[in-house]
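Chemist: all I have is the shape, not the residue letters:
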């Protein structure tokens, strides 16, 4: 699927991504990439004594997985200019090892920016688990190309 151009997005448009199961390997790889080896993510015995009772994924890993799942839809393939801003992001519930997550993106606002040859796409995003519980949510601002003339 070719990516959508700025003019092809409309307020209220909703896209639900495919799902991905978050494994221990993803958490360990993310810890290595970021240097964040906090025990709540990497030490099973330590995590047992926390309010969560087990290891949890890094919050930013959840956001990163969500953006990857959004890209996998193909709707921004070749048309996204930049990830401009995280206007707001809340970590509502933890992501546990073995959770299967997906993202739901809803276009909240579009703003033409002719000087960049596209526009800003303001999107509400929710990261949900296999029970459809909202784990993370927020607002992303993406710059998307206009249709060639």
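Modeler: Here it is on my side, so go on. Note that the structure is predicted; figures quoted are calculated from it, not measured. Numbering: from 1, shown residues only.
Chemist: pLDDT (mean, whole number) over the one helix or strand residue 86 maps to?
Modeler: Using DSSP states H and E, residue 86 sits in strand 80-91. For strand 80-91, the mean pLDDT works out to 96.
Chemist: kindly report the same for stretch 27-46.
Modeler: 97.
Chemist: tell me the centre residue of this structure?
Modeler: Centroid check for the chain by CA atoms, centre = their mean gives residue 66 as the closest residue, at 2.4 Å.
Chemist: who touches that residue in this structure?
Modeler: 17, 101, 103, 125, 127, 136 (CB atoms under 8 Å, 6 or more residues apart in numbering). C-beta here means a position set from N, CA and C on the backbone, and glycine is covered the same way.
Chemist: go ahead and confirm residue 119 touches residue 141.
Modeler: No: the pair residue 119 / residue 141 is not scored as a contact, 10.7 Å apart, by CB atoms under 8 Å.
Chemist: more neighbours, these two?
Modeler: For residue 119 versus residue 141, neighbours defined as other CB atoms under 10 Å are more numerous around residue 119 (22 against 17).
Chemist: element containing the more buried one, please.
Modeler: Assessed by DSSP H and E, residue 119 sits inside strand 118-128.
Chemist: distance from the chain centre to the longest helix seen in the chain, please.
Modeler: What stands out as the longest helix in the chain, according to DSSP state H, is helix 59-72. Its chain's C-alpha centre lies 3 Å from the corresponding centre of helix 59-72 when counted by CA atoms, centre = their mean, to the nearest Å.
Chemist: and what of stretch 14-26?
Modeler: Counting by CA atoms, centre = their mean, stretch 14-26 comes out at 9 Å from the chain centroid.
Chemist: what does that stretch rub up against?
Modeler: Contacts for stretch 14-26 (CB under 8 Å, 6+ apart): 55, 57, 61-62, 65-66, 68-70, 72-73, 75, 95-107, 130.
Chemist: of those, buried ones?
Modeler: By neighbour count, with 16 or more other CB atoms under 10 Å, the contacts of stretch 14-26 hold 55, 57, 61-62, 65-66, 69-70, 73, 75, 95, 97, 99, 101-105, 107 as buried.
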